[in-house]
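*Asks:* Provide a 3D model corresponding to the input given below.
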Amino acid sequence: MKSKLSIVAIALLLAACATPPQSQWEKDGATSYDRTSAQSECEYQIEMNKTPTAKQAGLMNLCMQGKGFRLKPAK
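*Replies:* The predicted structure is shown next:
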């Protein structure tokens, strides 16, 4: 029983190490509401234009950068 628990614990630790660091959009003077609002607007525009899935992430980056946000690692 103890060896099974050890294997599970090691697997969870390895999975946590494999998780990439999260990042978030930041802009000087912008609140979390401003960020969420800008993201929603960008997502809406991308969906309304029926953008292919492969291009959505790139367009999201361009849209948010156009609104003055920069993608930075989460603190």
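*Asks:* can you list the buried residues in the helix or strand hosting residue 37?
*Replies:* Using DSSP states H and E, residue 37 sits in helix 32-48. Applying a neighbour-count criterion of 16 or more other C-beta atoms under 10 Å, the buried positions in helix 32-48 are 35, 38-39, 42, 46. Any C-beta I mention is one placed from the backbone N, CA and C, and that applies to glycine too.
*Asks:* again with stretch 55-74
*Replies:* Buried, per 16+ other C-beta under 10 Å, within stretch 55-74: 59-60, 63-64, 67, 69.
*Asks:* what's the end-to-end length of it?
*Replies:* Counting by C-alpha to C-alpha, to the nearest Å, you get 24 Å between the two ends of stretch 55-74.
*Asks:* who touches that stretch?
*Replies:* The contact list for stretch 55-74 (C-beta atoms under 8 Å, 6 or more residues apart in numbering) reads 21-27, 30, 35, 38-39, 41-43, 45-46, 51.
*Asks:* list the contacts of residue 30.
*Replies:* Applying C-beta under 8 Å, 6+ apart, the residues near residue 30 are 38, 68-69.
*Asks:* and the next element down the chain from the helix or strand of the chain at the bottom of the mean pLDDT ranking?
*Replies:* When the helices and strands of the chain are scored by mean pLDDT, DSSP states H and E, helix 2-18 comes last with a mean of 62. Under the assignment DSSP H and E, the closest C-terminal helix or strand after helix 2-18 is strand 23-26.
*Asks:* export that following strand to PDB, keeping only CA atoms.
*Replies:* C-alpha atoms of strand 23-26 as PDB (Å, rounded to 0.1, in the frame of the first residue of the first chain):
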ATOM      1  CA  SER A  23       0.800  34.200 -17.700                       C
ATOM      2  CA  GLN A  24      -1.700  37.100 -17.800                       C
ATOM      3  CA  TRP A  25      -2.300  40.300 -19.700                       C
ATOM      4  CA  GLU A  26      -1.100  43.400 -17.900                       C
END
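*Asks:* no further questions, thank you.
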